[in-house]
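Novice: just to be clear, the model below is a prediction. Sequence and coordinates:
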Number of protein chains: 2
Amino acid sequence: MNTIELKTPYLVFLGDAEDLIMAKVAKGVAHWRPEKCLAQFRLPEAKAKLDLPEMSPKEAAKAGAKTFVMGLAPIGGTLPKAWISILVDAMEAGLDIASGLHAKLTDIPELVEAAARTGQRLLDVRVPQGEMVCGTGLPRSGKRLLAVGTDCCVGKMFTTLAIHREMQKRDIKATFRATGQTGILIEGSGVPVDAVVSDFIAGMVEQLTPANDVDHWDIIEGQGALSHPAYAGVSLGLLHGAQADVIIVCHEAGREQMDGMEGYPVLDLQEVIDMNLSMGKLTNPNIRLGGIALNTSNLSEDDAFTTIAQIEQRFGVPVVDPVRTGVKAIVDHLEITHA
Amino acid sequence: MNTIELKTPYLVFLGDAEDLIMAKVAKGVAHWRPEKCLAQFRLPEAKAKLDLPEMSPKEAAKAGAKTFVMGLAPIGGTLPKAWISILVDAMEAGLDIASGLHAKLTDIPELVEAAARTGQRLLDVRVPQGEMVCGTGLPRSGKRLLAVGTDCCVGKMFTTLAIHREMQKRDIKATFRATGQTGILIEGSGVPVDAVVSDFIAGMVEQLTPANDVDHWDIIEGQGALSHPAYAGVSLGLLHGAQADVIIVCHEAGREQMDGMEGYPVLDLQEVIDMNLSMGKLTNPNIRLGGIALNTSNLSEDDAFTTIAQIEQRFGVPVVDPVRTGVKAIVDHLEITHA
């Protein structure tokens, strides 16, 4: 296996989170995979709260939990010292620990020692697992959808999780394929592509999205943007490895400057679409645009719907805001174009 | 520093190489950087030979050598057991060890122990060094030329080394920037970009090719190809990080199938040029095609010159075979277009 695999169900740890913005991993897991969440564990000072039973690690393990999921990103991305003993206790109770923090669990001697002693696993989901392989570019069966962006942080993960959920509701065979740490913690498996050595990006994405039934969809979380001066290499390897049949372009309405990239305006949607289709056709000549997911959170309701209608008119594909409108229109369209 | 830096001069180790194809690193170092090569060291069974004095590690160290360079790629990419004591002796004599082998020096306990004891360094040039940084995309001074390819192994390193040498002959300020293991051993510094974690490709190339005098050229070794189904991510990160003013497209005349990639024909030159210019303009809007380097080793002399003339006619830029014709025509052109 070269994907990371978490055992379920989870005990979701909220630490001392003030709110669910701090605990956005916990919020995401509980929202998208409630069936994988057995309970939550909160420190006395926590204000954030999920709609889950409260259990200590010991209680959760007894009730069948398998993995203690770090549900929050403490400031600085490191693990507070005081929490080390909490994680050791959780391992002693019989739980694996999964974390998407920048600071690695496996760099903390007390945790490594406890893992060796208890036989539980430390799962740093930012660290790729298993043998790294190069891409082959060989065609494979099954249908694949990839979210691509006009920038980072425009809603690619949310969009693909929503499309996956909508497909499941309709009994369409589909698997969500996570490519980033939050997605991996939510799904319980995946490959953190931006942490893969660059020679192996496409190959590891091929492994993540293997041949499948012809009527099965892999719904692949995107990363970065082909038009991003720092991360486009990641996005291109992902596009090539995915051999996407369909791309969904994700964009934040009104964002004009790329996030944190001085001097880089967000490119026009047409340019982003053309770039992705023209580069993507190398490994899948049938790649096409399946829809546009617009984050309209900065617009009024009226402006949002006007903008959506305008963009739909311009590109002739379904345009949705996954939060405001849901993604049904995209899945309707896919059911027709890729029956 | 996040580039690898070797101390000079070198003692070049040829091991038991049968010929200079097996010892192609040694051949490359001696050909391109004779001023960095103090001596060669050959085992009694070696048939390959360079035009350098023969010295043992001890003699070489006494004569001022600083680094023992593994000049050959033994079959399998691993270090023969019998050579470990040779490397230990070299360290004891006062030499660092530099290697581009797949198998890491730092994974061999005897070598790690000897390095700790002697204070000499083990330099695995396939392993990126220092802090990894993300790209900024910010413009910087100086001129940069990048070799790009229609495939892997089409002569990108040779072409850039030749252009760099021609510039030096003309007293044009220029630095060769190595991006692969052989290039790094030749130049004595560089970043092995295909081994960099994908988030940091562009950033590490920015570090490798920093702001410089406005009349200074960085001549950057290319890697992979934007049209390569396995490695395009590396090439795109390199293109973006380089902010290339000029690309030189490298191509092997007559190669129709991409090396080892079933079902992938080599794209037409025009397509490769367009793809590189259109993706490269993101970080340098002034990017242009500066010439084409054609490997015509499979053609007769007559066919080679006919092909070169045809391609020159078609694209209106200098076309050279760096081996057959040299690269003067490209440097002539750059002196006019980028005076």
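Specialist: In hand now; what should we look at? It should be emphasised that the depicted structure is a prediction, and the values quoted were computed from it without experimental measurement.

Novice: what's whatever helix or strand residue A:279 lives in packed up against?
Specialist: If you go by DSSP states H and E, residue A:279 is part of helix A:269-280. Applying 3 or more Cβ pairs under 8 Å, 6 or more residues apart in numbering or on different chains; DSSP states H and E, one finds that helix A:269-280 contacts strand A:143-149, helix A:232-242, strand A:246-252, strand A:288-295, helix A:301-315, helix B:269-280. Placement of C-beta: from N, CA and C, glycine included.

Novice: in it, what's buried?
Specialist: Across helix A:269-280, burial judged by 16 or more other Cβ atoms under 10 Å in any protein chain shown covers A:269, A:272, A:273, A:275, A:276, A:277, A:278, A:279, A:280.

Novice: thinking again about what came up before, closest to residue B:197 out of the helices and strands packed on helix A:269-280?
Specialist: With Cβ to Cβ, the closest approach to residue B:197 among these belongs to helix A:232-242: 9.5 Å.

Novice: get me the contact residues on the stretch 51-200 of chain A for chain B.
Specialist: Residues of the stretch 51-200 of chain A found near chain B (Cβ under 8 Å from any Cβ of the partner chain) are A:134-139, A:193-199.

Novice: secondary structure class for residue A:72?
Specialist: Assigned by DSSP: H, G, I helix; E, B strand; the rest coil, the conformation of residue A:72 is coil.

Novice: right, and it touches residue A:15 too?
Specialist: Yes: assessed by Cβ atoms under 8 Å, residue A:72 is found in contact with residue A:15 at 4.9 Å.

Novice: picking that back up, farthest pair within the residues of the stretch 51-200 of chain A next to chain B?
Specialist: Maximum distance among those (Cβ to Cβ): 27.1 Å, for A:139 and A:195.

Novice: any idea how far apart the tips of stretch A:165-185 sit?
Specialist: With Cα to Cα, to the nearest Å as the measure, the ends of stretch A:165-185 fall 16 Å from one another.

Novice: equivalent analysis for stretch A:129-142, please.
Specialist: Stretch A:129-142 has an end-to-end distance of 24 Å (Cα to Cα).

Novice: flag every buried residue along it.
Specialist: A:129, A:134, A:135, A:136, A:137, A:142.

Novice: tell me, how many residues neighbour the spatially closest residue to residue A:192 that is not a sequence neighbour?
Specialist: With Cβ to Cβ, 6 or more residues apart in numbering or on different chains as the criterion, residue A:192 has its nearest non-adjacent residue at 5.2 Å, and that residue is residue A:126. By other Cβ atoms under 10 Å in any protein chain shown, 18 other residues sit near residue A:126.

Novice: what ranges do the helices span in the stretch 101-250 of chain A?
Specialist: Using DSSP state H, counting those that start in this stretch, the helices of the stretch 101-250 of chain A run over A:109-118, A:156-169, A:181-187, A:201-208, A:232-242.

Novice: list the contacts of the longest one.
Specialist: Looking back up the chat, that one is helix A:156-169. A:32, A:145, A:147-149, A:173-176, A:178, A:180, A:182-183, A:186, A:217, A:219-223, A:248, A:250, A:293, A:322-323, A:326-328, A:330-331 (Cβ atoms under 8 Å, 6 or more residues apart in numbering or on different chains).
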